[in-house]
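[1] for reference, the sequence and a predicted model appear below.
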Amino acid sequence: MVEHRPIDSLSDLQLDDIAEVQDLGEFDLNLLVVLAALLRRRNITHAGQDVRLSQPAASRALTRLRAIYDDELLVKANRAFDRTPLAEALFPKVTSALGDIDGILDRTPLAPERFILAMPDHQALLLSGHLVNYFREVAPGTVFLPLTRLSNALPQLESGKIDLILGNMADAPPGFFRRALPPAPVLGLCHPEHPAAAGRLSHADLGRFLSVRIGSNTQTGFGDVHDGLEDLRPRSRETLTVPDIQTAAQLLLGTNAILMLPARAARYLADRYGLVTFTTKSPPTTGYQISLLWHERNHRDVIHAGVRSMMASLMIEGG
């Protein structure tokens, strides 16, 4: 329902005494609310109570409405009132008009048809299930679609093809927002018989082993979105680029390769593929760093804000 403010006197219902309203700006729309109540209740006192209007003010409002429409609108019949033919015709129109206004003023967030989140695939392994459950709860009609690549992500975010990015960039251009998440602890990943598995090596010592890079996008210039793994990767004489995290895990099983990952992802892959995690005597100077990136068009959207808040909580708690 439209929120009605109290009206205590006729001064609250200013309207020129004219038989026909030519300009909507001349009409106090509060009168439509009173008219709807009068036509619905067919009782001045009860109609006034519905719109928090005193009985004298409701009576004066009816007098104004009769002058506007040049019609009695309500006529006495025994102990009650009946609607005139004009009032009968007006009643459904007024009810429909107020319903449309209710729709305009309704602040209930409109759930999107789909929500696309671009993120590294090792994060998608951990977050997708939580996000699917979130949308089932708050927006059952929304289809959640994880996108596990970051190339060309920012232009797609700007055009609305992507709704949110979990990634890094040098700076957020005008029109975009960025929330840097706290650094997450880092673990190494290798096969169980690997020399690094004992945890006695320094990060620099790892350079003698095969280093695995996920994906081919290693640019970190202005406007480029990238993962934070490249900052963790030991600088090695041998580097092999693989397309995804699953391929990387399979590679670790059969070679002396090592891979540095945020701790949650490392533990997940270790359990799934029979690998082991390890720490180094001198870990990387910083943990795994990543940010949430979104466009200003979605900054105040309740559902979008809920997704960002939930993801930040998951990343922080998981870290």
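    Structure's in. What do you need?
[2] Val138 - how many residues pack around it?
    Val138 has 15 neighbouring residues, counting by other Cβ atoms under 10 Å. All C-beta spots, glycine's among them, are computed from the backbone N, C-alpha and C.
[3] backbone torsions only: list them for the closest residue to Pro182 other than its chain neighbours.
    Nearest non-adjacent residue to Pro182, counting by Cβ to Cβ, 6 or more residues apart in numbering: Ile316, 5.9 Å away. The phi/psi pair for Ile316 (degrees, to the nearest 10) reads phi -70, psi -50.
[4] need the contact list for the residue lying closest to Gly287 once chain neighbours are set aside.
    Among residues not flanking Gly287 along the chain, Pro183 sits closest, at 3.2 Å (Cβ to Cβ, 6+ apart). Pro183 is in contact with Thr286, Gly287, Tyr288, Gln289, Gly319, counting by Cβ atoms under 8 Å, 6 or more residues apart in numbering.
[5] now, which of those residues lie within strands?
    If you go by DSSP state E, the contacts of Pro183 have nothing in strands.
[6] just the buried members of those residues?
    Gly287, Tyr288 (16 or more other Cβ atoms under 10 Å).
[7] name the nearest of the contacts of Pro183 relative to Leu126.
    Ranking the contacts of Pro183 by separation from Leu126, with Cβ to Cβ as the measure, puts Gly319 on top at 11.2 Å.
[8] pLDDT at the closest one, what is it?
    pLDDT, Gly319: 51.
[9] thinking again about what came up before, how many other residues sit next to the residue nearest to Pro182?
    11.
[10] can you pull out the helices in this protein?
    Using DSSP state H, the helices of the chain run over 30-41, 44-50, 55-69, 85-105, 121-138, 153-159, 245-254, 263-273, 302-318.
[11] need the contact partners of stretch 39-47.
    34, 37-38, 50, 53, 55, 58-59, 62, 73-74, 80-83, 87, 90-91, 94-95.
[12] got the contacts of Pro183 as CSV, with distance to His295 columns?
    Output for the contacts of Pro183, formatted as CSV (distance: Cβ to Cβ, whole Å):
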residue, distance to His295
Thr286, 28
Gly287, 27
Tyr288, 25
Gln289, 22
Gly319, 26
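[13] min pLDDT across the contacts of Pro183, which one?
    Lowest confidence among the contacts of Pro183: Gly319, with 51.
[14] poorly predicted segments of the stretch 51-200 of the chain, please.
    105-110 (pLDDT under 70).
[15] ok so, going back, ranking the helices of the chain by burial, who's on top?
    The highest mean neighbour count among those, using mean count of other Cβ atoms under 10 Å, belongs to helix 30-41: a mean of 22.
[16] on that earlier part again, ok, which of the helices of the chain comes nearest Arg200?
    Of these, nearest to Arg200 by Cβ to Cβ is helix 263-273, at 18.0 Å.
[17] just to revisit the earlier point, need the helices of the chain in CSV (columns: distance to Arg208).
    Below are the helices of the chain laid out as CSV (distance: least, Cβ to Cβ, whole Å):
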stretch, distance to Arg208
helix 30-41, 79
helix 44-50, 82
helix 55-69, 88
helix 85-105, 67
helix 121-138, 24
helix 153-159, 34
helix 245-254, 16
helix 263-273, 20
helix 302-318, 31
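[18] closest to Leu232 out of these?
    Of the helices of the chain, nearest to Leu232 by Cβ to Cβ is helix 263-273, at 10.6 Å.
[19] which other helices and strands contact that closest one?
    helix 121-138, strand 186-190, helix 245-254, strand 276-278 (3 or more Cβ pairs under 8 Å, 6 or more residues apart in numbering; DSSP states H and E).
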